[in-house]
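Undergrad: Dropping a prediction and its sequence here:
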Amino acid sequence: MVVALGTLLGLAIAFENYRGKRAWEACRAELAARGEPLDWSDLAPPPVPDDQNFFKTPLLAPLSDLVPEPVHRAYHEPRDSNAVAQVGALFSSLYPASRVQLSSWRLAQFTDLAAMQAELRGETNTRNADLRALQATPIGTPQSDLLWLLGKKSGELEEIRAALRRPHARYGIPAVDGAMALVPHLAPLRSFARAFATRALAELANGQAEAAAADITTCFQLARTFESEPLLIATLVEIAMLETAIQPLWEGLARHQWTEPQLAQFETELAKFNFVTGMARTLRFERAYSLGMLDSWRRKPRQAPMDMGDAEAPVGLPPSRMPSGWIRLGQVYIARMFQDFLVPVLDTNRVVVDIRLGERLAKEAEEHLQGWSPYKVLARLLFPALSPAVNRAAIAQTTVNHARLAVALERFRLVEGQFPAALRELAPRFLTTIPHDAVNGEPYPYRREAPDRFLLYSVGLNLTDDGAQVAQDKKGRAKPNAVEGDWVWRSGPAE
């Protein structure tokens, strides 16, 4: 009897393995015929020589010098953790001032440099040597304090600017690490972007528009060093760095401080951003990581987690004890769900994000993965929440489009003495084509409110014209990911 049951169990497992293998092979062939890469190696950018790689400049090199972690071996850790910590703390003197937002442009508000100065001067318990040195100097203007403080790290800032002249930026996350990869470079680079943006704000307050324009350009270039990064978190940091750079750009536009050459340079840099295409690429990487992780668990069961933390796991089996066919069928679920979501929602040809379709497909995927099934549990574990990611892509692309239009509008004003009555007047002199709303493909609502004032906005996530009302949180900060409200760009503070 025991032998018979064992034989039946063996036949059942063999059948599941055969069925899973056939299903996965058919899925791979179908997606390959559509030109969809599923392997990380087919998506990863090629390595580049160190002397051509932004991330290998001496200041940043320790961030990507990783060695296998001694216990698990599958993960990595910095070879020189002290050097990594030092890079991460370079601009810790600015932390008190970080309580003041650098994204108030969404509410048409200038940065309160005096509040930043008060935070820096009021941090009396600090151990930061640069901040203590600043507090020992006579109180000057807010911008002079900020420039003095950032001047203490001028060498590091200039090294970053010089490194950006290298033709490539490859951090080089190992394929085997996937979503578990260490990313010690993200926070330091974001702090550099904040430092350049803060310096640009101080320079604008000092009337140094040329220096400020150079720092904003550096911010844009710094954000784009993440363009080839495979992880979703890197794309989200790129978006955050862009947001930081927009504040000084907006303030210079609002005060009419930019010259035509500076505005033309901003347009050149902004036109290089495409977050719809970028998010599609990133999510394909995420799919490849998930599929690769499952394939690794199938080939090397001992590397699979023993406890998946899922009460609905089939008969309590972790991946290390599942038939290989179940794992392959999990791969089929993941590959198809990504495909069904990616192509229709992120329209890379029109540079549009179909918000409504994305919400519906995400809800359907979530519902589909509910309930007990030996094939769905792995997909439920690894399939990410896609709606927030694509919403962030829509918000970021709208920010880029609005910034490009605002720059073109200012260029028009410099020539004609006033803003145009309609956006179409910007082409082809200042823009080859007029960007459309990234959430519906329609023209942006725009109106000239005075010769030197305009209002430009997107209908936002609810696809409804809310009359240029900006959603805010309880602290009065703009909340672009709110369901209600529009995404607004005003030429200056409301009068």
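TA: Great, that's in hand. Since this is a predicted model, take the numbers as computed values, not measurements.

Undergrad: CA only for contacts and neighbour counts going forward, please
TA: Fine.

Undergrad: Tell me where the model's unsure across this structure.
TA: Within the chain, the stretches with pLDDT under 70 are 1-12, 69-75, 99, 101-102, 174-182, 301-321, 495.

Undergrad: now stretch 25-36, how far from the centre of its chain.
TA: Counting by Cα atoms, centre = their mean, to the nearest Å, stretch 25-36 is centred 28 Å from the centre of its parent chain.

Undergrad: Who are the contact partners of the spatially most central residue of the chain?
TA: Computing the C-alpha centroid of the chain and ranking residues by Cα atoms, centre = their mean puts L236 first, at 2.1 Å. Applying Cα atoms under 8 Å, 6 or more residues apart in numbering to L236 gives the contacts R392.

Undergrad: How about residues contacting stretch 79-99?
TA: Stretch 79-99 has contacts (Cα under 8 Å, 6+ apart) with 59-60, 62-63, 65-67, 78, 115-117, 119-120, 123, 128, 130-131, 149, 153, 184, 187-188, 191-192, 195.

Undergrad: Pull out the buried residues from it.
TA: For stretch 79-99, a neighbour-count test (16 or more other Cα atoms under 10 Å) marks 79, 83-84, 87-94, 96-97 as buried.

Undergrad: Same list, those, but as a markdown table with secondary structure please.
TA: Formatted as a markdown table, these follow (DSSP: H, G, I helix; E, B strand; the rest coil):
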| residue | secondary structure |
| --- | --- |
| R79 | coil |
| A83 | helix |
| V84 | helix |
| V87 | helix |
| G88 | helix |
| A89 | coil |
| L90 | coil |
| F91 | coil |
| S92 | helix |
| S93 | helix |
| L94 | helix |
| P96 | helix |
| A97 | helix |
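
Undergrad: so which strand or helix has the residue nearest to the centre of the chain?
TA: Using DSSP states H and E, L236 maps to helix 232-254.

Undergrad: Following the chain onward from that helix, which element is next?
TA: Next helix or strand after helix 232-254 toward the C-terminus (DSSP H and E): helix 260-270.

Undergrad: Show me the contact partners of that following helix.
TA: 210, 213, 217, 220-221, 400, 403-404, 407-408, 410-411, 414.

Undergrad: Next: stretch 122-137.
TA: Residues outside stretch 122-137 that contact it (Cα under 8 Å, 6+ apart) are S92, S93, P96, L120, R121, D145, W148, L149, K152.

Undergrad: For that stretch, measure first residue to last.
TA: End-to-end distance for stretch 122-137: 13 Å, by Cα to Cα, to the nearest Å.

Undergrad: In contact with the closest residue to A254 other than its chain neighbours: list those residues for me.
TA: Sequence neighbours aside, G492 is the residue nearest to A254 in space, at 4.8 Å (criterion: Cα to Cα, 6 or more residues apart in numbering). Residues in contact with G492 (Cα under 8 Å, 6+ apart) are A108, Q109, E251, A254, R255, R453.

Undergrad: Please enumerate the helices of the stretch 251-400 of the chain.
TA: 260-270, 275-299, 324-345, 355-368, 377-382, 386-416 (DSSP state H, counting those that start in this stretch).

Undergrad: Tell me the gap between the third one and the middle of its chain.
TA: If you compare the mean C-alpha spot of helix 324-345 with that of the full chain, they lie 24 Å apart, counting by Cα atoms, centre = their mean.

Undergrad: do stretch 13-21 as well
TA: Per Cα atoms, centre = their mean, the displacement of stretch 13-21 from the mean C-alpha position of its chain is 40 Å.

Undergrad: which residues touch it?
TA: Under the contact criterion Cα under 8 Å, 6+ apart, stretch 13-21 has outside partners P323, S324, G325, W326, I327, R328, L329.

Undergrad: So for that stretch, what gets flagged as buried?
TA: I13, E16, N17, R19, G20, K21.

Undergrad: In JSON lines, list these along with distance to I395 and secondary structure.
TA: Converted to JSON lines, the buried residues of stretch 13-21 look like this (distance: Cα to Cα, whole Å; DSSP: H, G, I helix; E, B strand; the rest coil):
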{"residue": "I13", "distance to I395": "47", "secondary structure": "helix"}
{"residue": "E16", "distance to I395": "44", "secondary structure": "helix"}
{"residue": "N17", "distance to I395": "44", "secondary structure": "helix"}
{"residue": "R19", "distance to I395": "42", "secondary structure": "helix"}
{"residue": "G20", "distance to I395": "39", "secondary structure": "helix"}
{"residue": "K21", "distance to I395": "40", "secondary structure": "helix"}
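
Undergrad: quick one, domains of this protein?
TA: Using automatic domain parsing, the domains assigned to the chain come out as 11-37+288-349+358-384, 49-255.

Undergrad: Could you dump those domains into JSON lines with distance to A471 added?
TA: Shown next, in JSON lines, are these (distance: least, Cα to Cα, whole Å):
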{"stretch": "domain 11-37+288-349+358-384", "distance to A471": "20"}
{"stretch": "domain 49-255", "distance to A471": "9"}
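
Undergrad: can you tell which of the ones you listed is closest to K479?
TA: domain 49-255 (9.0 Å; Cα to Cα).

Undergrad: ends of the closest one, how far apart?
TA: Length of domain 49-255, first residue to last, Cα to Cα: 43 Å.

Undergrad: from here on, count from 49
TA: OK, 49 is where the count begins now, so the last one is domain 97-303.

Undergrad: Would you pull up how far it lies from the middle of the chain?
TA: 15 Å.

Undergrad: any idea how far G199 is from P190?
TA: With the distance defined as Cα to Cα, P190 ends up 14 Å from G199.

Undergrad: go on, V324?
TA: As defined by Cα to Cα, V324 lies at a distance of 37 Å from G199.

Undergrad: out of these two, which sits in the busier spot?
TA: Just comparing V324 and G199: by other Cα atoms under 10 Å the higher neighbour count belongs to V324, 26 against 13.

Undergrad: tell me the contacts of that one?
TA: Applying Cα under 8 Å, 6+ apart to V324 gives the contacts L394, D395, T396, V399, V400, V401, A441, A442, Q445.

Undergrad: Which of those sits closest to S276?
TA: Nearest to S276 among those, with distances taken as Cα to Cα, is A441, at 15.8 Å.

Undergrad: so who does the closest one touch?
TA: So A441 contacts F323, V324, M327, V401 (Cα under 8 Å, 6+ apart).

Undergrad: Can you tell me how far the first one is from R272?
TA: F323 sits 11 Å away from R272 when distances are taken as Cα to Cα.

Undergrad: Compare these two and say which is more crowded by neighbours.
TA: Remark: of F323 and R272, F323 carries more neighbours, 28 against 21, as counted by other Cα under 10 Å.

Undergrad: Distance of that one relative to E84?
TA: Distance from F323 to E84, by Cα to Cα: 19 Å.

Undergrad: Could you list the buried residues of stretch 457-475?
TA: L457, E458, R459, F460, R461, Q466, F467, P468, L471, L474.

Undergrad: Format these as TSV; extra columns: distance to S152.
TA: Below are these laid out as TSV (distance: Cα to Cα, whole Å):
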residue	distance to S152
L457	21
E458	20
R459	23
F460	25
R461	24
Q466	25
F467	23
P468	25
L471	24
L474	26
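
Undergrad: which one of those residues sits closest to P432?
TA: L471 (38.3 Å).

Undergrad: List the buried residues of the host helix or strand of I208.
TA: Element membership of I208, judged by DSSP H and E, is helix 202-211. Buried residues in helix 202-211, defined by neighbour count with 16+ other Cα under 10 Å: E204, L205, I208, R209, A211.

Undergrad: Quick check: next helix or strand after it?
TA: Following helix 202-211 in sequence, per DSSP H and E, is helix 234-253.
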